[in-house]
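[1] the following block contains a protein sequence and its predicted model.
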6 protein chains.
Amino acid sequence: MGMHQYIKSLSDLENIHRCPGKFKYEEHSVAAHSFKVTQIAQFLGTVEEQAGNDINWRSLYEKALNHDYTELFIGDIKTPVKYASPTLRDQLAEVEESMTAQFIETEIPEEFQLVYSERLKEGKDDTLEGKILSVADKVDLLYESFGEIQKGNPEVLFTQIFEESLNTILEFKEMDSVRYFMTHILPELLSEEFTNQEELHEISNRILEEHEVEQTFVI
Amino acid sequence: MGMHQYIKSLSDLENIHRCPGKFKYEEHSVAAHSFKVTQIAQFLGTVEEQAGNDINWRSLYEKALNHDYTELFIGDIKTPVKYASPTLRDQLAEVEESMTAQFIETEIPEEFQLVYSERLKEGKDDTLEGKILSVADKVDLLYESFGEIQKGNPEVLFTQIFEESLNTILEFKEMDSVRYFMTHILPELLSEEFTNQEELHEISNRILEEHEVEQTFVI
Amino acid sequence: MGMHQYIKSLSDLENIHRCPGKFKYEEHSVAAHSFKVTQIAQFLGTVEEQAGNDINWRSLYEKALNHDYTELFIGDIKTPVKYASPTLRDQLAEVEESMTAQFIETEIPEEFQLVYSERLKEGKDDTLEGKILSVADKVDLLYESFGEIQKGNPEVLFTQIFEESLNTILEFKEMDSVRYFMTHILPELLSEEFTNQEELHEISNRILEEHEVEQTFVI
Amino acid sequence: MGMHQYIKSLSDLENIHRCPGKFKYEEHSVAAHSFKVTQIAQFLGTVEEQAGNDINWRSLYEKALNHDYTELFIGDIKTPVKYASPTLRDQLAEVEESMTAQFIETEIPEEFQLVYSERLKEGKDDTLEGKILSVADKVDLLYESFGEIQKGNPEVLFTQIFEESLNTILEFKEMDSVRYFMTHILPELLSEEFTNQEELHEISNRILEEHEVEQTFVI
Amino acid sequence: MGMHQYIKSLSDLENIHRCPGKFKYEEHSVAAHSFKVTQIAQFLGTVEEQAGNDINWRSLYEKALNHDYTELFIGDIKTPVKYASPTLRDQLAEVEESMTAQFIETEIPEEFQLVYSERLKEGKDDTLEGKILSVADKVDLLYESFGEIQKGNPEVLFTQIFEESLNTILEFKEMDSVRYFMTHILPELLSEEFTNQEELHEISNRILEEHEVEQTFVI
Amino acid sequence: MGMHQYIKSLSDLENIHRCPGKFKYEEHSVAAHSFKVTQIAQFLGTVEEQAGNDINWRSLYEKALNHDYTELFIGDIKTPVKYASPTLRDQLAEVEESMTAQFIETEIPEEFQLVYSERLKEGKDDTLEGKILSVADKVDLLYESFGEIQKGNPEVLFTQIFEESLNTILEFKEMDSVRYFMTHILPELLSEEFTNQEELHEISNRILEEHEVEQTFVI
């Protein structure tokens, strides 16, 4: 009952595809998503550090790398289910916690249980690192949905995901890394060529206005 | 807001793959699974009818065909999560019901809402047709897991699914169609050539004994 | 030589892809197609019933569910080959019949042979259920081709399939379910956003005029 | 109406998969098969030449490269259908010929029609090059089936294909290249490690005996 | 150590996908590419022959069929790496030669080593057949990139590949087959319908002008 | 010319598949590999830390996460090519360095160039973190090859990769984390059920002996 099962399970994350039930031009596994979120968090952390904020790098990498591991035993519960009622949400969080605890007890050798308890905990807390993870997770989702929109996916879901991701990112608009994202990265993304460019511009402008962020790009 | 969205959504069921998170030689979509379960239910119904039982064919086909449609808006909640506590299970069932109700109200034209309320309801009730659906669903799962075992999938999960499916089928051992399955179909399946034939024989024998069903095949 | 082979063969229908030889964004198996046709037939039957027509539901489900099973042993003979000459067409129909008969004799247990002879027969006859199957089969084909057109497939074949499907559906324009389809579903489909929307509108209008059906939508 | 459509159609051959309707570990397109058959024919031609036989290389390459092109407009008619009756077989051959003629007339520029009439003709005639094509086509099929058997495919069809291929190859046992294949290549293939090695040895031995060819390998 | 390994290795060419690292709507294997290049070379050779030039058909087919076989043991070295410095380029060519020599010595039976030395040599020499191969290789690449552009791939790389292929083809503008391609095939390709048609027209015109070739098509 | 291209390029790493040219039951992208190597490095670092060694976590995560990013512009040069001669190896390393430098200059905003120079440098140096990366990279490769062996892949290459990986890991046998791997993880892996278990045991034993490491498991 040692770490062999854990190492083997990493490959199972290559077999979970994100956003099942919709046609996509490009599939993304939870393993690849975790890699990209950690890369994005690494970049956002760099921006924060250059802006003079202290980053606990160990914590940042750890949070980003492990943030979706528990999908292995929890599965992919659709957002509307999760948020159907506060009671249900609390209960699901409780079940996730107790299943994680049980997984650690049965699958992780005793001497590493404490460390992995920490690693598999919900990482999106109020620390700077927790907030960077929240943003990085949504930046990757925004890129995933943008990839579909740009390739011409007629499914409106991907425009909704784009919107919802941008909205969540802007909840953290006070952060230096989010400001950098809005000023330097989003305009580049929106200036790529694609058929429905105008629609995405309008959506982005509207969301920026709602968050009282000044528009940093022009059509 | 008419039936166009419903017809289009059928194709989304081709994009949900069963049993995510494990390597499989062969993927099965929820659409293909629904087809196979309806075919198997059609056969089990035939056995029941020849044994002199009345079958409401309309109900049987309807139950089988539609039994997994709600996965589209509920998602795939892992069994251990679902059964973590009786309260949680009840709450999830409630959410499923209310989401189904809401889906029907917003996506199905009024004149068909009653019919589709019936069609998207949990079909595994105590009627003969409901029981046939319960069995057919597990027969397909048993074949899915057998397909992996026969191709040499080293993942023990598939042996567990085989066991669990057989167990559930045998809970209905008083049914004529289940007796036919045990006597005529399972032995044929187990006599196929494959590396770990002996192990599956032993598992099957043990489960049969536990259910006090006489063994109908020899190694 | 019991039903094990039949149940196993259902999975082979997951391995036959429709319309080979052309690039498609989305593949559809014969198993998934059969599921969707049965769902569409279920809906068309509902419309007919609400219009006061008697539906033999058992027959309708049976016809739809099994209508492509024989592709397993016949294969996919291209339409131009099938219709090259009346003699060839008759001979191919004869071969299909005799191969089906032989399959039933060797693979289906005696007590079920009569039932499966009926099930694997050509279902598109002149009964209301047979006509619903004809329409449902083409509605799914129309949606398959629409899915490709909407995603930007440059292959003209899909526009031809869209046309040909609509044409066949309109041969049944006296049916209540077809009228419902033309009035309520086709307009919704055509109002979806996609690049070549205008072209599909024109095609649809032209076909409607040819069948002397009043246009029910505007650009 | 020039060669653009022809060049584009070559890519359609990448979208036809061989042997539909059966689970395979590895898919093979008609394009890849054509490449491999031409490579194998090139090798068999080399053996024949070294044995002192004259090879018309232009004809050999041409026959092998183009031998399955007509599948694009004929489709994949299952062997049992094709051979159901001599009349049907003749009629199908006739249709294939007339469809090929029509394809050439409408798709190939006039100045190249004669050349392509020759290229798209059935190549498996009684010339040495025609016989090499017959053998090469079956050698690739034998390797395709061997690939599945070696990977543990439980489907008996692949053993049957292996047998049937070997049988056809041995119909040409007087050819120097076939003798080389039996003496130098088949033994190497059979000495590869795989679970059901013994079964394939027995099958091969039996077929060799039936063709009165001396066994060239030992278990 | 006979030809069994060589025949088996042909299937490995089905497992190398061209242009890794970029999203593509359609994947192309080296095996399928080799088939298409040989087909295109066959056509270009026909044009040359009709223009009165002598074609060594054996050499032409041989060069085209085998031109990418060595990718199996060399791998896919990115063009910028290959051309980073003249020394590196020479050294890589040397390594390729010595690895090919070693492969032939260890994997090909002695009596065929001379023939296969010839076949696995760089085929793009100054003979007419070598030049046809150079052109055919780029025509297929141009069609591969056109396929992506036409389907709406937003990645600029494919426009660059289109340009670069056309440029290389025009380096051979004195050849009759290249003139045929420019006059009869490219205009047909560019007149296909697709979103960014204008851009490709402009690119093509510019390249034609740079090579002082008269434009043969109008928008 | 900001970080948008960098973030977008992360998705290109999902489109590079490892070990092209061989049939595999399971494909692994460079993105997923990078995720798994970082996870394994995280674990090995934990072992080292518990053994009393100081870990620079920031450096460890950074090295592991970014170690294969440059494959995007260098490509996958086969090992035998890379090691064909010391001169070639040096030259390739030089080209890699200068291409990385150029990539950073053109694609990374100035204020982050220094940080990314560090991140995209070869990470396998003589620091403890560099050595952990060397081991983690090979542990994932060993698991990838084991996955194929366990599923019955007949290709000997995977046994060779297993051997070669184990050999490289044992070059670091003085490390506490490697000792843990040999004592606690390898035995668990080898005790999994699979057909050629004995062969892998023998290989592992032989390699352990060659490295004068005591065997920690029994058959």
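    All right, it came through fine. From a predicted model like this one, the values you see are computed outputs, not experimental measurements.
[2] what parts of chain A come near chain C?
    Of all the residues in chain A, those in contact range of chain C (Cβ under 8 Å from any Cβ of the partner chain) are A:23, A:25, A:152-154, A:195. (Glycine included, C-beta is placed from N, CA and C.)
[3] so for the most centrally placed residue in chain A, what's the nearest residue that isn't a sequence neighbour?
    For chain A, the residue lying nearest the average C-alpha position, counting by Cα atoms, centre = their mean, turns out to be A:Asp137 (1.6 Å). In space, not counting the residues next to it along the chain, A:Asp137 is nearest to A:Val37; the distance is 5.5 Å by Cβ to Cβ, 6 or more residues apart in numbering or on different chains.
[4] the one you found: what's it in contact with?
    A:64, A:67-68, A:133, A:136-137, A:140 (Cβ atoms under 8 Å, 6 or more residues apart in numbering or on different chains).
[5] rerun that using 10 Å as the cut-off
    By Cβ atoms under 10 Å, 6 or more residues apart in numbering or on different chains, A:Val37 lies in contact with A:63-65, A:67-68, A:133, A:135-141, F:10, F:35.
[6] try A:Ser34
    Contacts for A:Ser34 were tallied using Cβ under 10 Å, 6+ apart; they are A:10, A:13, A:64-69, A:71, A:137, A:140, F:31-32, F:34-36, F:38-39.
[7] can you check the pLDDT for A:Gln215?
    For A:Gln215, the model assigns a pLDDT of 65.
[8] follow-up on the earlier one: the contacts of A:Ser34 in helices, which ones?
    Using DSSP state H, the members of those that fall within helices are A:10, A:64-66, A:71, A:137, A:140, F:31-32, F:34-36, F:38-39.
[9] remind me which residues of chain A are low pLDDT?
    Low-confidence segments of chain A, defined by pLDDT under 70, are located at A:1, A:214-219.
[10] got the residue ranges for the helices in it?
    Using DSSP H, helices in chain A cover A:3-12, A:30-50, A:57-66, A:71-74, A:79-82, A:86-107, A:110-119, A:128-151, A:157-170, A:176-180, A:186-190, A:197-210.
[11] is it possible to get CSV of the ones you listed that adds distance to C:His211?
    Rendered in CSV, the data for those read as follows (distance: least, Cβ to Cβ, whole Å):
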stretch, distance to C:His211
helix A:3-12, 54
helix A:30-50, 50
helix A:57-66, 59
helix A:71-74, 52
helix A:79-82, 42
helix A:86-107, 52
helix A:110-119, 65
helix A:128-151, 36
helix A:157-170, 35
helix A:176-180, 58
helix A:186-190, 46
helix A:197-210, 36
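[12] so for F:Asn167, which of the ones you listed sits nearest?
    Within the helices of chain A, the stretch nearest F:Asn167 is helix A:3-12; the backing value is 19.0 Å (Cβ to Cβ).
[13] now look at that closest one and say if it contacts chain B.
    Yes - on the criterion Cβ under 10 Å from any Cβ of the partner chain, helix A:3-12 is in touch with chain B at A:8-9, A:11-12.
[14] what's the closest of those residues to D:His4?
    The nearest one, if we look at these relative to D:His4 and count by Cβ to Cβ, is A:Ser11, at 44.9 Å.
[15] what separation is there between the closest one and chain E?
    A:Ser11 sits 20 Å away from chain E, taking Cβ to the nearest Cβ, to the nearest Å as the criterion.
[16] pull the contacting residues for that residue.
    With contacts taken as Cβ under 10 Å, 6+ apart, A:Ser11 has the following neighbours: A:31, B:22-23, F:26, F:28, F:32, F:36, F:140, F:143-144, F:147.
[17] please report the distance of the nearest residue to A:Tyr116 once chain neighbours are set aside from A:Lys121.
    Distances taken as Cβ to Cβ, 6+ apart place A:Ile108 nearest to A:Tyr116, at 4.9 Å, with adjacent residues excluded. Remark: distance between A:Ile108 and A:Lys121 (Cβ to Cβ, to the nearest Å) = 14 Å.
[18] who has more neighbours out of those two?
    The neighbour comparison of A:Ile108 against A:Lys121 (other Cβ atoms under 10 Å in any protein chain shown) goes to A:Ile108, with 21 against 14.
[19] surely the more buried one meets A:Ser9?
    No - under the contact definition of Cβ atoms under 10 Å, A:Ile108 does not touch A:Ser9, with a separation of 11.0 Å.
[20] number of nearby residues for A:Phe52?
    In this structure residue A:52 is Gly, not Phe. Summarising burial for A:Gly52: neighbours were counted as other Cβ under 10 Å, giving 7.
[21] touching, it and A:Leu128? I think so.
    No - in this structure A:Gly52 lies outside contact range of A:Leu128 using Cβ under 10 Å: 11.9 Å.
[22] next up, the contacts around A:Lys78.
    A:Lys78 sits next to A:20-21, A:84, B:71-77, B:99 when contact means Cβ under 10 Å, 6+ apart.
[23] from the contacts of A:Ser11, which would you call buried?
    Restricting the contacts of A:Ser11 to buried positions leaves A:31, B:22-23, F:28, F:32, F:36, F:140, F:143-144, F:147, with burial counted as 16 or more other Cβ atoms under 10 Å in any protein chain shown.
[24] pick out the most distant pair among those.
    Farthest apart among the buried ones among the contacts of A:Ser11 by Cβ to Cβ are B:Lys22 and F:Asp140. That separation is 18.9 Å.
[25] can I get the CA coordinates of stretch A:114-131 in PDB?
    What follows is stretch A:114-131 as a C-alpha-only set of coordinates in PDB (Å, rounded to 0.1, in the frame of the first residue of the first chain):
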ATOM      1  CA  LEU A 114       0.500  14.600   6.600                       C
ATOM      2  CA  VAL A 115       2.200  16.100   3.600                       C
ATOM      3  CA  TYR A 116      -0.400  14.700   1.200                       C
ATOM      4  CA  SER A 117      -3.300  15.800   3.400                       C
ATOM      5  CA  GLU A 118      -2.000  19.300   2.900                       C
ATOM      6  CA  ARG A 119      -1.400  18.800  -0.900                       C
ATOM      7  CA  LEU A 120      -4.900  17.400  -1.600                       C
ATOM      8  CA  LYS A 121      -6.700  20.000   0.400                       C
ATOM      9  CA  GLU A 122      -8.800  22.700  -1.500                       C
ATOM     10  CA  GLY A 123      -6.100  25.200  -2.500                       C
ATOM     11  CA  LYS A 124      -8.200  28.200  -3.400                       C
ATOM     12  CA  ASP A 125      -8.000  30.000  -0.100                       C
ATOM     13  CA  ASP A 126      -7.400  33.700   0.700                       C
ATOM     14  CA  THR A 127      -3.600  33.600   0.600                       C
ATOM     15  CA  LEU A 128      -2.000  35.300  -2.400                       C
ATOM     16  CA  GLU A 129      -1.100  31.800  -3.700                       C
ATOM     17  CA  GLY A 130      -4.600  30.600  -3.300                       C
ATOM     18  CA  LYS A 131      -5.900  33.600  -5.200                       C
END
